[in-house]
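Colleague: sequence first, predicted coordinates after that:
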Amino acid sequence: MYIDFNLAGLELTFLCDWAILHLIQTIFGMESAMDNLAPVSQVDALEFLRPILSGLSKEDLEELALAAVELSYPAGAVIIREGDEGDAVYFIVDGSVEVVKQYADGSERFLHTSGPGEPFGEMALLQEGGRTATVRAVEPSTILRIDRDPFLNVLGRSPSLGVHVLVRLTGRLSHSDQQSIKELSERNVELAEANQRLARLDKTKSDFIQVSAHELRTPVAALLGYAQMMEQHPKAQKDPGLRALTEGVVTSTKRLHRVFNSILDVSRLVSGDLEVLRSPFSIGVTLEAVQLRIEKALEERQLTMELVGLDALPICSGDPDLIYKLFDHLVNNAIKYTPDGGRITVIGRTVEVDGLGPCVEVAIEDTGIGIAPQDIDLIFEKFYRTGEVALHSSGTTKFKGGGPGLGLAIAQGIVLAHGGRIWAESPGCDEESCPGSRFVVQLPLDTSMP
Ligand code: ADP
């Protein structure tokens, strides 16, 4: 409640609520948070606001001054708390305040400081929303508080106050833009440095894998040679027990040799050392060769494999050995991830692809377990395998037979080295309903080929 006294042309204003409160506190000697509340004489508030809100009419300035309440805050006191209702605007008379944003984890982000003559708190007031930041006194500070209603009253009729608020808000927005851009650039630099560190670590790891695979492959090749000689030895041939043992050694050593070869293939693909020796080749013939190699596995697993439209494809240009490896990996995967009795279909056609021109497209479709959406891109990463590694069985063509997780990385590297594209499609992974997978390869056609 406000009571105005007009005495001899002098307008004295008292804040009645404050006076009553102060009286009670004086009588009872009470100390409370309201101790920092004191009315400002109209002259002081007027004199203070006049230069800050230059251009405002005398009446408007007087109305604001009349509504102003002076508050004192010790250093560290919270003046506005984030989330509170925006019920007033503040002007710093002396001292300074800091504006901070609080995060859910309790941490704070410093936004800016304001000093004498600067207003704060007008944003929430205009938006009719809660406070979006906390304002704290940095040092003992004196603040003028003007309640929402009188401030909006004057704002409603004074374009000059509107301009003041607008200039202030745009200034603050541009300052916060600059700050965000600065922080973003700093984060970018940190990210770039972290990326460089990661790239160095990745290279060290790749080098280590490559050197190890290379060093290990040589003795394994020798071991394989000796094991095969043992397998052929008349003593082993005659003794069924010995023959079974030597066969086991040969099979396992071959597998080990294949793994080291795959690791070296991937290393070469990643480092760009892979040489593509181009010559004409037929996709149909390549896939027939693959089919021939896995004939036994298809029979064992009661899988059918059908080649569709491959004979009609034009002759392509590429590295026949690498292209064989590519389709061998893809068909082998189709066998591994399709339960017994399933179907594998390889469909070829020519297509026009944006950015690549005329291409041969080969799709390898299976009726297997499929691939989960979250894995569909990751499976092309080297050493990436879906599901529990320990649950994989170890046969190369057995259902869910384990591998080192390199087949698709090699396949992708070969396709990229030929300037093509490869991707996987699947409705999802389900071992019960077997939704199947589809791997698509597009290889650009060399138009100079007959
Ligand atoms: P791996 O040696 O494990 O077979 P790959 O790089 O060939 O490695 O394949 C990576 C992963 O992609 C596999 O572990 C498997 O989860 C998934 N995958 C590949 N081909 C198929 C397919 N035809 N059907 C379902 N999943 C597949």
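Modeller: Cool, got the structure.
Colleague: check the stretch 51-200 of the chain for the residue nearest the ligand and tell me.
Modeller: The minimum distance from the stretch 51-200 of the chain to the ligand, using C-beta to the nearest ligand atom, falls at Leu198 (22.0 Å). Glycine gets a C-beta too; all of them are placed from N, C-alpha and C.
Colleague: quickly find the element holding that residue.
Modeller: Assigned by DSSP states H and E, Leu198 belongs to helix 159-232.
Colleague: how far off centre is that helix?
Modeller: For helix 159-232, the separation from the chain centroid amounts to 12 Å (computed by C-alpha atoms, centre = their mean, to the nearest Å).
Colleague: and it, what does it pack against?
Modeller: strand 108-114, helix 122-127, helix 148-157, helix 240-271 (3 or more C-beta pairs under 8 Å, 6 or more residues apart in numbering; DSSP states H and E).
Colleague: quick check: next helix or strand after it?
Modeller: Downstream of helix 159-232 (by DSSP H and E), the next one is helix 234-238.
Colleague: on that earlier part again, what is the rounded mean pLDDT of the helix holding Leu198?
Modeller: Averaged across helix 159-232, pLDDT comes to 89.
Colleague: kindly report the same for stretch 337-346.
Modeller: On average, the pLDDT along stretch 337-346 is 96.
Colleague: what does that stretch contact?
Modeller: 287, 301-308, 310, 327, 331, 334-335, 362-369, 399-400, 431, 434, 436-437 (C-beta atoms under 8 Å, 6 or more residues apart in numbering).
Colleague: show me which positions of it end up buried.
Modeller: Across stretch 337-346, burial judged by 16 or more other C-beta atoms under 10 Å covers Tyr337, Thr338, Gly342, Ile344, Thr345, Val346.
Colleague: and the helices and strands packed on helix 159-232, which one's lowest on average pLDDT?
Modeller: Sorting the helices and strands packed on helix 159-232 by mean pLDDT places helix 122-127 lowest, at a mean of 82.
Colleague: show me how far it is from its chain's centre.
Modeller: Offset of helix 122-127 from its chain centre (C-alpha atoms, centre = their mean): 34 Å.
Colleague: what's it packed up against?
Modeller: Helix 122-127 packs on strand 88-94, helix 148-157, helix 159-232, going by 3+ C-beta pairs under 8 Å, 6+ apart.
Colleague: mind listing residues that contact it?
Modeller: If you take C-beta under 8 Å, 6+ apart as the criterion, helix 122-127 is touched by 85-89, 130-132, 148, 151-152, 165, 168-169, 172.
Colleague: among the buried residues of stretch 337-346, which one lies nearest to the ligand?
Modeller: Tyr337 (3.3 Å).
Colleague: Ile422 contacts Val415, doesn't it?
Modeller: Yes: counting by C-beta atoms under 8 Å, Ile422 does reach Val415; the two are 4.3 Å apart.
Colleague: give me the common contacts of those two.
Modeller: In contact with both Ile422 and Val415: Val441, using C-beta under 8 Å, 6+ apart.
Colleague: excluding its backbone neighbours, what's nearest the residue of the stretch 151-300 of the chain found nearest the ligand?
Modeller: For the stretch 151-300 of the chain and the ligand, the shortest gap (C-beta to the nearest ligand atom) falls at Ser262, measuring 8.2 Å. Nearest non-adjacent residue to Ser262, counting by C-beta to C-beta, 6 or more residues apart in numbering: Leu406, 4.4 Å away.
Colleague: now do that neighbour against Asn332, distance only.
Modeller: Taking C-beta to C-beta, to the nearest Å as the measure, Leu406 falls 12 Å from Asn332.
Colleague: out of those two, which sits in the busier spot?
Modeller: Leu406 (22 against 19; other C-beta atoms under 10 Å).
Colleague: show me the contacts for the more buried one.
Modeller: Neighbours of Leu406 in contact, by C-beta under 8 Å, 6+ apart: Val259, Ser262, Ile263, Asp265, Val266, Lys382, Phe383.
Colleague: which of the residues you listed has the largest number of neighbours?
Modeller: Among the contacts of Leu406, the one with the most neighbours (other C-beta under 10 Å) is Val266, at 25 neighbours.
Colleague: what sits against it?
Modeller: Lys382, Leu406, Ala409, Ile410, Gly413.
Colleague: from those residues, which are also near the ligand?
Modeller: Residues of the contacts of Val266 in contact with the ligand (C-beta under 6 Å from any ligand atom): Leu406, Ala409.
Colleague: before I go, just wanted to say thanks for your time.
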